[in-house]
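*Asks:* Provided below for reference: sequence and predicted model.
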Amino acid sequence: MPHSNTTSLNLLNNTTSLASFIKAIWDPFCAVLVVLLLTVFFGEDINTPEILLVVVLFTMLYPGNIPIPRSGLGALREIAVQWLPAVAVLFLLGFSTHSLDLFPPNLILAWILTVPAVWFVSHLLLPVLAPSLFAMDGIRSAVIIGANDIGRRLADQFVSKKHLAVEFKGFFDDRSQERLGELVHGKMLGRIEGVAEYIRQAHIDAIFIALPMASQPRILKLLDDLKDSTMSIYFVPDIFITDLIQARVDEIGDMPVVAVRDTPFKGLNGVAKRLSDIVIASLILVMITPIMLAVALAVRVTSPGPILFKQRRYGLDGKDIIVYKFRSMTVCEDGDQVVQAKRNDQRFTPIGAFLRRTSLDELPQFINVLQGRMSVVGPRPHAVAHNELYRKVIKGYMVRHKVKPGITGLAQVNGYRGETDTVEKMQKRIEYDLEYLRKWSLHLDLEIILRTVGLVIRDRKAY
């Protein structure tokens, strides 16, 4: 799976602000345009329902993504992942609010089929018709200062990702070829002191500095030598080979600071996440209230004890929260020692195993979502005792608490649901949790929700 050390290299996939903006609005714009055109085609007036649909649709799909398709099948897969969750949520909203009745069925069907078709064609054609959207704007040739690990990874990006349209000339480094060993991509062009002269002769467009932070005097000297040039200069320092979570450049007053680890839910992202939690949790609670009443009654009559099991978990920023579940065991452990449930566990109540296998025991956590303690999607909360154990043996374990815990998560839909009886299993779960923090989007949340529904129906790992 994709992981930490490629984060800094993602800067190569960005173009100018205009190109990035076009790529971000392309898919939402196409979907909205199709709505409006079909409305006119079917002889309907564009009224309040259509305008509301346009606003909701654009919000759900923004920002869009136009990946470089490796194949037609790959493009279809990317489009399905983006489109099907959006359609499912819109139908859920429409069914719950009876707003589906406001649109002709043939218009809805045509819209569902036309949008992915438009996306498919445009995703295949745009890299050919508008390659500047995917290339590094204004950069046709580049050199890298520093033939270290991060510099070589950067060179691999230049060579392997042809759509960047950058000719990689080679490295400058003060170490000898013998010390550096074989270079897979590029060649040694000389020592760092020769960079300024080389770029004046070779007309290089950009320099990427991949030197470690300990090389500050050399970096300052190099920048001073390049003051009379007009080339673009990028830093890819060794700080970025660490495990970055939502890395970005901010400012405190007039001082630039680099955020190495932070929550993805800053500003509007936080508002969007909270609103989606409230809407989804409210709709689900309305639909499952009869089921919850039936489960509560079944728990009450099949075993003595409380209906709800309340347990302390770590929430946002590692603060204690109380999480609700329907009680599925004869014990309510919440101390320094908590034993994970196992298959055929003797502590299960008569219906406990069924509740856990079908995830019915998790339903009260939608109340936790409305309370603001949890999210619908996020890293699953672990018992406090398990947190204290694993934070000591798994690097980066506590970073997962930079967001609210979720009822379901990326780890669960990738096979790490249920008991984690080895450190290796927990390690993989944490890797997926951190991947979720890096790549969060409303699209990803919707995909995870839909995959969770399918998982609950057929999965046999939970008990």
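*Replies:* Sure thing, it's come through.
*Asks:* what separates whatever helix or strand residue 323 lives in from the chain centre, distance-wise?
*Replies:* Assigned by DSSP states H and E, residue 323 belongs to strand 320-326. Put simply, strand 320-326 sits 25 Å off its chain's centre (CA atoms, centre = their mean, to the nearest Å).
*Asks:* And it, what does it pack against?
*Replies:* Strand 320-326 sits against helix 268-302, strand 308-314, helix 365-371, with contacts defined as 3 or more CB pairs under 8 Å, 6 or more residues apart in numbering; DSSP states H and E. Using the backbone N, CA and C atoms, a C-beta is placed for each residue, glycine as well.
*Asks:* Past that strand, which element shows up next along the chain?
*Replies:* Later in the chain than strand 320-326, the nearest helix or strand by DSSP H and E is helix 352-357.
*Asks:* Just the buried residues of that next one, please?
*Replies:* 352-357 (16 or more other CB atoms under 10 Å).
*Asks:* Out of the residues you listed, which comes closest to residue 248?
*Replies:* Of all the buried residues of helix 352-357, residue 356 has the smallest distance to residue 248: 39.8 Å, by CB to CB.
*Asks:* any idea how far the nearest residue to the closest one once chain neighbours are set aside is from residue 231?
*Replies:* Nearest non-adjacent residue to residue 356, counting by CB to CB, 6 or more residues apart in numbering: residue 328, 5.2 Å away. Going from residue 328 to residue 231 by CB to CB, to the nearest Å gives 64 Å.
*Asks:* Next: residue 403.
*Replies:* 39 Å.
*Asks:* And the two? Which one has more around it.
*Replies:* Neighbours were counted for residue 403 and for residue 231 using other CB atoms under 10 Å; residue 403 has more, 26 against 17.
*Asks:* wait, doesn't the more buried one sit right on residue 374?
*Replies:* No - counting by CB atoms under 8 Å, residue 403 sits too far from residue 374 to count as a contact (10.2 Å).
*Asks:* returning to that earlier point: now do the same contact list for the residue nearest to residue 356.
*Replies:* With contacts defined as CB atoms under 8 Å, 6 or more residues apart in numbering, residue 328 is in contact with 309, 341, 348-349, 351-353, 355-356, 361.
*Asks:* if you set the cut-off to 6 Å instead, what comes out?
*Replies:* Going by CB atoms under 6 Å, 6 or more residues apart in numbering, residue 328 touches 352, 355-356, 361.
*Asks:* and what of residue 31?
*Replies:* Applying CB under 6 Å, 6+ apart to residue 31 gives the contacts 57, 61, 115.
*Asks:* which parts of whichever strand or helix holds it are buried?
*Replies:* Using DSSP H and E, residue 31 maps to helix 17-41. By 16+ other CB under 10 Å, the buried positions in helix 17-41 come out as 19, 22-28, 30-32, 34-35, 38-39.
*Asks:* Quick check: of those residues, which lies closest to residue 152?
*Replies:* Proximity of those to residue 152 (CB to CB) peaks at residue 19, which lies at 27.0 Å.
*Asks:* Please report how far the closest residue to residue 42 other than its chain neighbours lies from residue 53.
*Replies:* Sequence neighbours aside, residue 107 is the residue nearest to residue 42 in space, at 4.9 Å (criterion: CB to CB, 6+ apart). The gap separating residue 107 from residue 53 is 11 Å, by CB to CB.
*Asks:* before we move on, what about residue 287?
*Replies:* Distance of residue 287 to residue 53, computed by CB to CB: 22 Å.
*Asks:* Also residue 261?
*Replies:* To residue 53, residue 261 is 38 Å away according to CB to CB.
*Asks:* Which residue of those two possesses the greater neighbour count?
*Replies:* Using other CB under 10 Å as the criterion, residue 261 and residue 53 rank with residue 53 on top: 22 against 15.
*Asks:* buried ones in the helix or strand residue 94 falls within?
*Replies:* Following DSSP H and E, one finds residue 94 within helix 72-97. Using 16+ other CB under 10 Å as the test for burial, helix 72-97 gives 75, 78-79, 81-83, 85-87, 89-90, 92-94.
*Asks:* now the residues you listed in TSV, with distance to residue 273?
*Replies:* Output for these, formatted as TSV (distance: CB to CB, whole Å):
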residue	distance to residue 273
75	28
78	23
79	24
81	19
82	18
83	21
85	15
86	16
87	21
89	14
90	18
92	18
93	17
94	22
